[in-house]
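>>> could you look at this predicted model? Sequence included:
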Amino acid sequence: MIERKAFVLTSQWSDSDRYPLQYYCTSDSGTIVLKFDTESFVFFAETEKLKNNYQSKFSKKDLTLKAFDGTQVSAIYCQKSSDFFNLKKELSNSGIRTFENDIWPTDRFLMERFIYGAISIKGESVKDEDSEVFINPKVVAATYEPVFTICSLDIETGVDGSLYSIGLHISGQKEKSIVYMLSHEDRVESNELEFFSNEKKLLVKFMHDFYIINPDIIIGWHVIGFDLKFLENKCFSLGMKLNISRDKSEIRIDEKKGSGFFANITGRVVVDGPPAFRSAFYQFKNFKLETVASSLLGVGKDIASDGGKVSEIERRFKEDKIALAKYNLLDCKLVTNVFNKVELIQFLVARVKVSGLLIDRQGISAAALDHVLLPKLHRKGFVAPNSSELERDENSSGGMVIEPEVGLHENVAVFDFKSLYPSVIRTFFIDPYSRVRQNSNPVLTPAGISFSSSEHLLPDIIKGLLGEREQAKIDSNHSLNMAIKILMNSFYGLMGSFRCRFYHADLPRAITETGHWLLKQSIDFFENLNLKVLYGDTDSLFIQLPSGDESFATDLCVKANDFLIRLVKEEFRVDSHLELEFEKIYSKIFFSTVRGSEAGAKKKYVGLYKGELNFTGMEYVRSDWTDLAKKFQYDLFKNYFVGESVEEYVKGFVVSLNNGDMDNLLFITKKLSKAPEDYVKNIPPHVKAALLIDHRGPYRLKEVTYSQTTSGPLPKGMESDNFDYSYYIDKQIKPLADQVLLTMGTSFESISLGDQLTLF
C-alpha cells in the first residue's frame, strides 16, 4: 500500500476510457494520475413517481433524502454521459422532477469527500512513463503545499502569418530558458537558443521538449487566445496536432462569447495574465504587459508596444535573430516576474483551498457555493434543486445609499461594517437550509423573514472562514486573506442570483433589508449625538465630527457597537456578530455631483487623509481618461483643499495646455470590441485612429492609443503638432473644473468668458 499527498490540477470524464473518471495531480514525487471506474453520474428524482413508472430502466437507490418541499427522493446512477443526458430528458418529459442533475461527476467526487485541492492517496500504483498511476485508490482531504513547475510561454509571429519563435521560461521545481526560432538552417546556437529550417521541425522539437519539461502550469499574456490558439492553428495547417497535454492528447481551445478563450489541456493548467490579475482585483491604466511590468517591476519590454513594434520585429527576424530571441525570452521572464511579484499562483491556490474549485474553474462562483454547501446539505437529509428550474421572483433591493451632501466638508470620519453581509448571515442564521427548517427555533430578521437558529449551515461555514481570515492576517498571508474575502462576499450575491440553485427571494431580501435596518439604526445613533451624517453606502457611513481627534472617533465606534449589540439582542433575541469599525478621518472631503445634475453622486469623492489625496470613483482613477485630465483633477483638488484660488489654477492650466506644455499627456486609450475594419455604420474616433495603424499579423488589434488633432484622431506614434486643444478643454477640462466651480457659485464658462484673453 502506497501513500502519497498531492494537489489536484485537472479533472476529466470520458465514456470511451476504461477508467472514465481521472484526475491529474502534482506531488513532491512528480505527476500522479488517479483513475476510477467505480464512479457514476448521480442525480436524484421523486421516489414515488419512479416506483410507478420506471422500475427497471436504471440503477437507483432509495434514500432518506428529500427535497426542500419534503418530497422523498431516490438516487439515480448512470455509467455513461449519454445515458445520463438521455435519462434526464426522458424523466423531465414524463413529468418526474429531478434534482442536482447538473452536477458533473468530477465535481461531485471531490465535493462529497470535502477535498479542496490537497488530497491524500492510498493504494497500489504503477509507473506510466513520467507519471505514477493509481487505480481506484482511497482518497481523502489532506494538508499539502504544492511546488509547481511553471512554464511562461510566448511566441513571435510574422506579418505573413509565419511562426518566428517560441520562448519558454521554466520556474519552480525546475529552472530553464529556451527559444526555438525559425531560420535557414538547423543548429543549436546555445543552451537557450535553437534554430530550425522550417516551422514543422520547430514545432516537433518544441513539443518533444515540452513533454520532458512537464510543467504543471502554463502562464503567459493573452496566452490562450493568441499564443496557444496560433500554435493550434499552425499545427493544423501543417497537418499536425498540438500535443502538449500530459497524456499527449491534442489540446482544445474554445471561445465562449463574452467570456474569452479557454484551454483544455489534460493534466496542465493554463493561467492567462490579464484575466488572472483582474480576478485578484488589480487595476492598471491598461492590461498590456508593458504597463503591468512597468508598474510592478519598474521595467518594460525590449520593444515598446506603441509605434513600430511590428516593423522592429520584422527587422530583427531578418537582420538580428539573436536580438529577437532576447526580446521573446524577456517577455516570458516578465510574465514570470509579475506573477511572482504579486504571488498570483499562490492566490489561485488559496482560492482552491477555500472554494474547492480547481484552478482553471476559479470565477465560477455558483459552483463554489455548491462545493461548500451541497455535501453538508446532503448530510442534513436534503437535496437541492437543479439550477435551471427554480421559480424566479423579483430581485432584492440592494444596498442602501444615502445621497451625499455635495461640496467640501472637514473632519469627516468613515465607519465601515466589517464583512457586513457575511456578518448579517451569521447573526440571523440566514441560509437555504435554515429557511427550510424555519419552524425549528425560529428567528425573525428585521424584514420579518424567519430562519432557524438551531438548524443552519452557512453561518457556521462563515464563522470558520472568518477565523481562518483573521489567522491569515496575523500570518501576513495576503493570498489566503483575499481568497476568503472573495468567497464570503459571493454568498449574498449567489443566493440572490437567478443562476444559483439555492436562490430564493427571501434570502437576499432578508440580508439587504437587515443591512438597511442597521444603517438606519446607526444613523439614528449618530444623529442623536448631534453628529451630521454626510453620506452612507451599503456598509459605510461618513460622519462629520467636531474635530479631527481619532481617539474621539474610536470611542464613538465602541459606543455605536455597544448600542447595536443591545438593540439586536433586545429586538431579535440573538447575539450580534455585527461590528462597526472606525477606518479613518478625512481632514477634508469633497462629494461630487452626478454630471449634469445637482444630485450627489454615490461612490464618487476625493478626501485628504494625512496629507495625501484619496480618490474614489473620480476620473483620476479611471483608465478611460487622459493623463492630462488626471493631472488637472489631482492638482485642482490639491489647490482647492489648501485654499488656493481654483479659478486662477484653471486659467493657468488652460494657458499651459494651449502653449503645448502638456502635449505628452493628451493620449486616449480605448478598447476595440471588434477588428477596426468591421466597424461600418458608426466609426468612432478611436476606430478611425486604429484604421491608420500598420497592424499586420495573425492577431487582432484589441485597443488603440490615440490623440485628437485638428486633422482628426491619430494613433500614438504618428507625430503631430496640431493637437485639437479646444477638444481637450471642452471634453476633459471643463467637466472636471465644473465639479468644483459649480459648488462655489461659478462655472468654467463664467471664468473663461470673463477673461477670454487670459484663458485662451
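Perfect, I can see it now. Remember, predicted model here, so these are calculated numbers, not experimental data. Residues are numbered from 1 along each chain as shown.
>>> ignoring the adjacent residues along the chain, who's closest to Lys734?
Phe748 (4.5 Å; Cβ to Cβ, 6 or more residues apart in numbering). Every C-beta, even on glycine, is put in place using the N, C-alpha and C of the backbone.
>>> surely the one you found meets Ile733?
Yes: the pair Phe748 / Ile733 is scored as a contact, 7.5 Å apart, by Cβ atoms under 8 Å.
>>> quick check: neighbours shared by those two?
Val650 (Cβ atoms under 8 Å, 6 or more residues apart in numbering).
>>> low-confidence ranges in the chain?
By pLDDT under 70, the weakly predicted segments of the chain are 52-57, 257-259, 304-308, 390-397, 695-699, 719, 753-760.
>>> now for Glu598, how many residues are close by?
For Glu598, the count of nearby residues is 9 (other Cβ atoms under 10 Å).
>>> how about the helices in the stretch 451-600 of the chain?
458-474, 478-495, 506-528, 550-572 (DSSP state H, counting those that start in this stretch).
>>> ok, residues contacting the shortest one?
The one in question is helix 458-474. 354, 372-373, 376, 419, 422, 425-426, 429-434, 478, 480-481, 484-485, 487-488, 491.
>>> phi, psi for the spatially most central residue of the chain please.
Residue closest to the mean C-alpha point of the chain, counted by Cα atoms, centre = their mean, is Ser279 at 2.0 Å. The phi/psi pair for Ser279 (degrees, to the nearest 10) reads phi -70, psi -20.
>>> list the contacts for it?
Gln362, Gly363.
>>> now the helices: where do they sit in the stretch 301-450 of the chain?
Counting by DSSP H, counting those that start in this stretch, the helices of the stretch 301-450 of the chain are 309-319, 321-341, 344-355, 365-379, 420-428, 432-436.
>>> including mean neighbour count, could these go into TSV?
Listed next are the helices of the stretch 301-450 of the chain as TSV, based on neighbours: other Cβ atoms under 10 Å:
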stretch	mean neighbour count
helix 309-319	16
helix 321-341	21
helix 344-355	22
helix 365-379	20
helix 420-428	25
helix 432-436	23
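>>> right, and those helices - which one's nearest Glu132?
helix 344-355 (21.4 Å; Cβ to Cβ).
>>> that closest one vs helix 478-495, what angle?
50 degrees (axes from the mean of the first three to the mean of the last three Cα atoms, to 10 degrees).
>>> what's the angle between helix 344-355 and helix 458-474?
Using the same axes, to 10 degrees: helix 344-355 against helix 458-474 is 150 degrees.
>>> helices and strands around helix 344-355, which ones?
With contacts defined as 3 or more Cβ pairs under 8 Å, 6 or more residues apart in numbering; DSSP states H and E, helix 344-355 has these neighbours: strand 269-272, helix 273-279, helix 365-379, helix 478-495.
>>> CSV for the ones you listed, including distance to Asp678?
Output for these, formatted as CSV (distance: least, Cβ to Cβ, whole Å):
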stretch, distance to Asp678
strand 269-272, 24
helix 273-279, 22
helix 365-379, 33
helix 478-495, 34
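>>> nearest to Glu612, of the ones you listed?
helix 478-495 (21.8 Å).
>>> in the closest one, what's buried?
Residues of helix 478-495 classed as buried: 478-488, 490-495 (neighbour count, 16 or more other Cβ atoms under 10 Å).
>>> kindly report the same for stretch 569-580.
Buried residues in stretch 569-580 (16+ other Cβ under 10 Å): Phe572, Val574, Ser576, His577, Leu578, Glu579, Leu580.
>>> about what we covered before: minimum distance to Leu87: which of the helices and strands packed on helix 344-355 has it?
Taking these one by one with Cβ to Cβ, helix 365-379 is closest: 20.7 Å.
>>> separation between Pro442 and Lys473?
35 Å (Cβ to Cβ, to the nearest Å).
>>> that older thread, so which of the helices of the stretch 301-450 of the chain is nearest Leu231?
Using Cβ to Cβ, the helices of the stretch 301-450 of the chain put helix 321-341 closest to Leu231, at 13.9 Å.
>>> tell me which strands and helices the closest one is in contact with?
Using 3+ Cβ pairs under 8 Å, 6+ apart: helix 321-341 touches strand 149-157, strand 163-172, strand 176-182, strand 193-196, strand 217-220, helix 273-279, helix 289-297, helix 309-319.
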